[in-house]
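J.: 3D, please:
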Amino acid sequence: MSDKKDQPPSWARHPKECQWVQLAQRGDQSAFEQLVKLHQQAAYRWAYRMVHSHDVADDIAQEAFIRLHRALERIDAARPLSPWLCRVVINLSTNYLRRKKTTISIEENPGIEAIISPDRDAQHPVHQHYRREFVAKLERSIEKLPPKFKEVFILRVQDNRSYEEIAEVLGLTMGTVMSRLSRARNRLREDLTEELKKMRE
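T.: Residues are numbered from 1 along each chain as shown. You can find the predicted model right below:
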């Protein structure tokens, strides 16, 4: 079942991206630099949401572009570059997380709506107190998710990607994406039972 309603265009690409890829494949360094400029913010964002470290995210994004340069001959210029690059960034980030335990921070609370739908006044002082507690616990709960669940959760909830796009990036079936996302949410709900009760009181 597709969930593309209200989703951003699927891997929208710059009109000159195809041309830049073809030129870069022929050794045009300036064309490759244009590709880096085009995708560097997205690469950094994907990495940061996984590792929550500016320095590490910078390093991962840089390594992703190094790998892109090495793989240029195998890149299909007719296809958007974002899915390939996102897959590389996610893999690098996942490898980092496996080597070193790290924390994902929720800027504001972009993941909360995927788990609960609080109906209380968000400006109420008591509600704000519980909300801060909830976000802090949510950060710790996401940190504990296995990388295979965390990457799906982040792409779906924080990057607002469709199931089809996540499947393409991670090389998974749609069913696997849905299963991992469901298991990630279930783990978070179980871990946040008490906080959810407070938010709904």
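
J.: switch to C-alpha atoms for all contacts and neighbour counts from now on
T.: Will do.

J.: Quick check on residue 146: phi, psi?
T.: Per-residue torsions, residue 146: phi -60, psi 150 (degrees, to the nearest 10).

J.: okay, now it: neighbour count?
T.: By other CA atoms under 10 Å, 13 other residues sit near residue 146.

J.: what is the rounded mean pLDDT of the top helix by length along the chain?
T.: Assignment by DSSP state H gives helix 29-51 as the longest helix of the chain. The predicted model assigns helix 29-51 a mean pLDDT of 93.

J.: Tell me the buried residues in that helix?
T.: 31-32, 34-36, 39-40, 42-51 (16 or more other CA atoms under 10 Å).

J.: Please tell me I have it right and residue 78 contacts residue 18.
T.: Yes. Between residue 78 and residue 18 there is a contact under CA atoms under 8 Å: 6.1 Å.

J.: Compare these two (neighbour count), which wins?
T.: The neighbour count for residue 78 versus residue 18, taken as other CA under 10 Å, is higher for residue 18 (18 against 11).

J.: got a list of what the most centrally placed residue in the chain touches?
T.: Nearest residue to the geometric centre of the chain (CA atoms, centre = their mean): residue 155, 3.6 Å. Residue 155 sits next to 161, 166 when contact means CA atoms under 8 Å, 6 or more residues apart in numbering.

J.: now it: how far from residue 141?
T.: 17 Å (CA to CA, to the nearest Å).

J.: Residue 169 too?
T.: 24 Å.

J.: now do residue 31
T.: For residue 31, the distance to residue 141 equals 42 Å [CA to CA].

J.: for residue 150, same thing?
T.: Taken as CA to CA, the span from residue 150 to residue 141 is 10 Å.

J.: Show me which of those two is the more surrounded one.
T.: Neighbour count, other CA under 10 Å: between residue 150 and residue 141, residue 150 has more, with 22 against 19.

J.: is it true that that one touches residue 142?
T.: Yes. Contact between residue 150 and residue 142 holds when scored by CA under 8 Å: they sit 6.9 Å apart.
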